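Engineer: sequence plus predicted model, see below.
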Amino acid sequence: MDLDDLDLALLRLLLEEPRAGHREYARVLGVARGTVQSRIARLERRGAITGYAAQVSPEALGYTVQAFVHLHLAQGMLDDVTNRLAHVPEVLEAHSTTGEGDVLCRIAARGNAHLEQIVQTLLALPGVVRTRTEIALRGRVPYRVLPLLQQVRGER
């Protein structure tokens, strides 16, 4: 996807000041509000902007343990298993992977006993052969995209 300097500047503002609003973005960028609105709509259509949501801490909801669970699957079961994972509320995200395991899940649990229950639920899914679990001790670098955007801007 080709992004020009205005697109990159707008994306940066959206990441840094997500609640500022179109009028403020237009003022900072020195363009018309209609330009901001049309650029944002285009970035959404092209998939550069994938959503707008508050980031809620699982810990604030009582889910104090986060873990990464590698799922080893039976041949040909990837789609079926991932469809079932979408119905397990404690699965925060899941990615098909290369290397050890076929799917890597990020899990939120209320404690270690709850985590064990979740792992047992995952093991009971048709197509899951075995799991390997790693408990996260503390988050060190949160999910972020801004450094990538800054790198792309620096390459221009």
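Structural biologist: That came in fine, so what should we check first? Numbers count the residues shown, from 1 in each chain.

Engineer: which parts of stretch 41-60 are buried?
Structural biologist: For stretch 41-60, burial by neighbour count (16 or more other C-beta atoms under 10 Å) applies to 43, 48-49, 58. For the C-beta atoms, the positions are set from N, CA and C on the backbone; glycine is no exception.

Engineer: same question for it, mean pLDDT?
Structural biologist: Stretch 41-60 comes out with an average pLDDT of 95.

Engineer: measure it end to end?
Structural biologist: With C-alpha to C-alpha, to the nearest Å as the measure, stretch 41-60 spans 33 Å from end to end.

Engineer: ok, residues contacting it?
Structural biologist: 1, 3, 7, 10-11, 14, 18, 40, 66, 92, 108 (C-beta atoms under 8 Å, 6 or more residues apart in numbering).

Engineer: also stretch 98-107?
Structural biologist: 66-73, 78, 81-82, 85, 90-97, 115, 118, 122, 132.

Engineer: of those residues, buried ones?
Structural biologist: Buried residues within those, counting neighbours by 16+ other C-beta under 10 Å: 66-67, 69-71, 73, 81-82, 85, 90-91, 94, 115, 118, 122.

Engineer: kindly indicate which of those residues lies nearest Val36.
Structural biologist: Closest to Val36 out of these is Ala94 (34.6 Å), distances taken as C-beta to C-beta.

Engineer: how far away is the closest one from Leu73?
Structural biologist: Look at Ala94 and Leu73: by C-beta to C-beta, to the nearest Å, they are 12 Å apart.

Engineer: ok, Thr64 next?
Structural biologist: 29 Å.

Engineer: I'd say His8 and Gln150 touch.
Structural biologist: Quick fix: residue 8 is Leu, not His. No: Leu8 is not in contact with Gln150 according to C-beta atoms under 8 Å; the separation is 9.1 Å.

Engineer: in a markdown table: the buried residues of stretch 41-60, plus distance to Ala26.
Structural biologist: Converted to a markdown table, the buried residues of stretch 41-60 look like this (distance: C-beta to C-beta, whole Å):
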| residue | distance to Ala26 |
| --- | --- |
| Leu43 | 15 |
| Ala48 | 19 |
| Ile49 | 17 |
| Pro58 | 35 |
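
Engineer: report the two of those residues separated the most.
Structural biologist: Farthest apart among the buried residues of stretch 41-60 by C-beta to C-beta are Leu43 and Pro58. That separation is 28.6 Å.

Engineer: Arg132: helix or strand, and which one exactly?
Structural biologist: Using DSSP states H and E, Arg132 maps to strand 128-136.
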